[in-house]
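A.B. asks: Just the structure for this:
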Amino acid sequence: MPANLPRRQVLRTAGALGLGAAATGALQTTAAAAGSPDRVAAMGSPHGHGRLEIRKDPFGTTPEGVKVEVYTFTNGRVTISMLTWGATIQRVETPDRRGRTENISLGFDNLPDYAALSPYFGSTIGRYGNRIAKGRFTLDGQTYQIPVNNGENALHGGTIGFDKKVWKAKVVQTDKAVGVAFSYVSPDGEMGFPGELTTTVTYTLDKRDNLRIDYRATVAGKATVVNLTNHVYFNLAGEGSGSIDGHVLQLNAPSYTPVDAGLIPTGEIAPVAGTPFDFNKPTRIGKRIRDDHPQLVIGRGYDHNFVLGKADSDGLRFAARFWEPEEGRTVTVHTTEPGAQFYSGNFLDGTFQGIGNKSYRQGDAFAFETQHFPDSPNQPNFPSTVLRPGQTLTSTTIYSFGTK
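C.D. replies: Predicted coordinates:
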């Protein structure tokens, strides 16, 4: 492969060949390998076992002339690539039980596709993840209107959410983990939300294959509502490899929040027992997805918020474990959040191609978005998402990668 290929061409070619991001870097005979500033950090064993590395490369430029960069960090086994555009997880490279590494997250190899086509692939979501009914809520006696972008409702922060912003990035490194802290300041009134919100989301990969996401936010001037999450899409058999119906899911949730025809919670917190929403015992995702259950009909599958079980003493709770039996890859999720949206890729329609030059079709990936509940500003019985000046929002979610 020519060493002078543009970065996005290398990524597309390497993805098509099933090569990891670390291998992608090796294909480019750049000065980074010799210790240029692009080689941001390298720690650990020189032979790759437990090695923590991170590098930065250009990814593109917005129409406004803002440069977007991709940070690729690895522990020698798992490799994560993230963009400053939307603080986006672009690639997650993990080995299967035979040691064969593939990208297991959906994404694109170029900035225009992210800007024009992406259904939030890997995006950091804000100011408010999930839906707000009619894009409207009242706080401290004042009504606020968010631009609607999902039928008559606002989804993931409105028409121009945090997923379409270029975040500032700072490398984070210790002897145990490496990653990037992304920050963004949302001005008062942006997308109709009150208060100036300062958000930092730190993504770190440790030597034990844990990707940790730490969210932190403060608001100035006025109280606001906040619900931050990440919208990474996974297929544990490999990006673009087909349906996730055969994936096995164990979900630690005694109940869920049913929705109306617009996918807005009705306010009910319903038990999962005796329904297709009960994944407390490991169950194939596709086993009941076509059952004649009214909630599955509304969502065209699973697109629902699950109320998670109790947290441990450290505030983290086991949320879910996904397993792909053929390749053996697993991802286990722990979070401090009270809920999670399990989405079975129902609205993927094959109209665009991802990194591996393959079309993404209905049911080809799942998302598991740890969160507060949808439409909480309009649901007084749901956990509050109000953040006031002087308060600090903190939240942690951990994706642990492995094999079985």
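A.B. asks: Next one, pLDDT for the residue sitting furthest away from the middle of the chain please.
C.D. replies: Largest separation from the mean C-alpha position in the chain: Gly141, at 33.3 Å (Cα atoms, centre = their mean). Confidence per residue is given as pLDDT, and for Gly141 that number is 97.
A.B. asks: Same question for the one 3 residues further on.
C.D. replies: At Tyr144 the predicted local distance difference test score is 98.
A.B. asks: what separates it from Asp260, distance-wise?
C.D. replies: Going from Tyr144 to Asp260 by Cβ to Cβ, to the nearest Å gives 22 Å. The C-beta positions use only the backbone N, C-alpha and C, and glycine is treated the same way.
A.B. asks: Now for the nearest residue to Ser186 once chain neighbours are set aside: which residues touch it?
C.D. replies: Of all residues beyond its chain neighbours, the one nearest Ser186 is Leu197 (4.4 Å), with distances taken as Cβ to Cβ, 6 or more residues apart in numbering. Contacts were defined as Cβ atoms under 8 Å, 6 or more residues apart in numbering; by that measure Leu197 touches Gly126, Arg127, Val185, Ser186, Ala217, Thr218, Val219, Thr224, Val226, Leu387.
A.B. asks: Could you verify my assumption that the fourth one touches Arg127?
C.D. replies: Read it as Ser186. Yes. Ser186 is within contact range of Arg127, at 5.9 Å (criterion: Cβ atoms under 8 Å).
A.B. asks: can you list residues touching both of those two?
C.D. replies: Among the neighbours of Ser186, those also in contact with Arg127 (Cβ under 8 Å, 6+ apart) are Phe162, Phe193, Leu197.
A.B. asks: Would you mind putting those into TSV with secondary structure alongside?
C.D. replies: Below are the shared contacts of Ser186 and Arg127 laid out as TSV (DSSP: H, G, I helix; E, B strand; the rest coil):
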residue	secondary structure
Phe162	helix
Phe193	coil
Leu197	strand
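A.B. asks: Please tabulate the residues you listed in JSON lines and include distance to Pro377 and pLDDT as additional columns.
C.D. replies: Below are the shared contacts of Ser186 and Arg127 laid out as JSON lines (distance: Cβ to Cβ, whole Å; pLDDT from 0 to 100):
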{"residue": "Phe162", "distance to Pro377": "17", "pLDDT": "98"}
{"residue": "Phe193", "distance to Pro377": "10", "pLDDT": "98"}
{"residue": "Leu197", "distance to Pro377": "15", "pLDDT": "98"}
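A.B. asks: Return the set of buried residues in stretch 76-87.
C.D. replies: Gly76, Arg77, Val78, Thr79, Ile80, Ser81, Met82, Leu83, Thr84, Trp85, Gly86, Ala87 (16 or more other Cβ atoms under 10 Å).
A.B. asks: what helix or strand does the fifth one sit in?
C.D. replies: Right, Ile80. In this assignment (DSSP states H and E), Ile80 forms part of strand 79-83.
A.B. asks: Quick check: neighbours of the helix or strand following that strand in the sheet, parallel or antiparallel?
C.D. replies: Note on strand 79-83: by DSSP H and E, the next helix or strand toward the C-terminus is strand 88-95. Here strand 88-95 has these sheet partners by DSSP bridges: strand 79-83 (antiparallel), strand 101-103 (antiparallel).
A.B. asks: What separation do you get for Lys358 and Val201?
C.D. replies: Where Val201 is concerned, Lys358 sits at a distance of 29 Å (Cβ to Cβ).
A.B. asks: Which residue ranges of the protein form helices?
C.D. replies: Counting by DSSP state H, the chain has these helices, from start to end: 7-17, 21-27, 111-116, 294-299.
A.B. asks: burial measure for Gln391, as a count.
C.D. replies: The local packing of Gln391 (other Cβ atoms under 10 Å) involves 11 other residues.
A.B. asks: That one contacts Arg216, correct?
C.D. replies: No. Gln391 sits out of contact with Arg216 when judged by Cβ under 8 Å, with a separation of 11.4 Å.
A.B. asks: can you count the residues close to Thr218?
C.D. replies: By the other Cβ under 10 Å criterion, the neighbourhood of Thr218 contains 18 residues.
A.B. asks: Enumerate every residue touching the closest residue to Asp260 other than its chain neighbours.
C.D. replies: With sequence-adjacent residues excluded and distances taken as Cβ to Cβ, 6+ apart, Asp260 is closest to Thr266, at 5.7 Å. Applying Cβ under 8 Å, 6+ apart to Thr266 gives the contacts Thr257, Pro258, Val259, Asp260.
A.B. asks: Same question for Thr124.
C.D. replies: Residues counted as contacts of Thr124 (Cβ under 8 Å, 6+ apart) are Gly86, Ala87, Thr88, Phe162, Asp163, Trp167, Phe182, Val201, Leu228, Thr229, Asn230.
A.B. asks: And the furthest pair within those residues?
C.D. replies: Trp167 and Thr229 (15.1 Å; Cβ to Cβ).
A.B. asks: Could you check which of those two is surrounded by more residues?
C.D. replies: Using other Cβ under 10 Å, the more surrounded residue of Trp167 and Thr229 is Thr229, with 30 against 23.
A.B. asks: Bridge partners for the more buried one, pull those for me.
C.D. replies: Legend: beta-bridge partners of Thr229 under DSSP bridges are Ile125.
A.B. asks: Confirm for me that it is in contact with Ile125.
C.D. replies: Yes. Contact criterion Cβ under 8 Å: Thr229 and Ile125 qualify, at 4.9 Å.
A.B. asks: Which residues are in contact with each of the two?
C.D. replies: Taking Cβ under 8 Å, 6+ apart as the contact rule, Thr229 and Ile125 both touch Glu369.
A.B. asks: And the residue nearest to Gly60 when sequence neighbours are not counted, how close does it get to Val185?
C.D. replies: Closest residue in space to Gly60, ignoring its immediate chain neighbours: Leu111 at 3.2 Å, by Cβ to Cβ, 6+ apart. For Leu111, the distance to Val185 (Cβ to Cβ) stands at 22 Å.
A.B. asks: Quick check on the two: which one has the bigger neighbour count.
C.D. replies: Looking at Leu111 and Val185 with other Cβ under 10 Å, you find the greater number of neighbours at Leu111, namely 19 against 14.
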